[in-house]
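Enquirer: quick one: sequence and predicted model below, then my questions.
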Amino acid sequence: MMHLEGSCRCGAVRFSVDTHAPVPYQRCYCSVCRKTAGSGGYAINLSAVADTLKVEDRSAVGSFHAEIDGEPSPAERSFCKMCGTPLWLYDARWPELLHPLASAIDTPLPTPPATTHLLLEDKPDWVVPQIGERDLVFDGLPEESIEDWHKRWGLWVE
């Protein structure tokens, strides 16, 4: 596994987590990711092993459940209460996983060989996706998991 260190902008929250899937290859254009974490019109989540999360100051961590289609999402999104930096997403439907935002990770991350653009149906008109010739594009969600993508590219870290 690869060990990742992360933090918020102001330094109030520092955390670490281990991952088998360290490549920041997914760009999510959904309104929740865009509005809470996406400076380029999208956000980039990673996948990590939930029970490896260590947080130095949990008192500075806030969380919320975004509303999706009029219902609260089961996914809990965590952020720094001091500066607002988005940190990670946890969903009890997949208790073994944690999804830190690549933007909160301080450890150098690998450069993806290709990008997957997802939920493009939700992007605003001003967003012009930078789509490479090897990239995959989806109006909704792709069927391929983060684990499967990493394994297909030979990037899964044991």
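Expert: Noted; the coordinates are in hand. Numbering: from 1, shown residues only.
Enquirer: identify the residues contacting the residue positioned nearest the centre of the chain.
Expert: In the chain, the centroid-proximal residue (C-alpha atoms, centre = their mean) is Asn45; its distance is 1.4 Å. By C-beta atoms under 8 Å, 6 or more residues apart in numbering, Asn45 lies in contact with 26, 28, 33, 89, 99-102. All C-beta atoms are positioned from the backbone trio N, CA, C, and that covers glycine.
Enquirer: one more time with 7 Å
Expert: 26, 28, 89, 99, 101 (C-beta atoms under 7 Å, 6 or more residues apart in numbering).
Enquirer: how about Cys33?
Expert: Contact partners of Cys33, counting by C-beta under 7 Å, 6+ apart, are 42-43.
Enquirer: what separates it from Ala66, distance-wise?
Expert: As judged by C-beta to C-beta, to the nearest Å, Cys33 and Ala66 stand 9 Å apart.
Enquirer: Thr19 versus the closest residue in space to Pro113 that isn't next to it in sequence, what's the distance?
Expert: Using C-beta to C-beta, 6 or more residues apart in numbering and skipping the chain neighbours, the partner closest in space to Pro113 is Trp153 (5.9 Å). Using C-beta to C-beta, Trp153 is found at 15 Å from Thr19.
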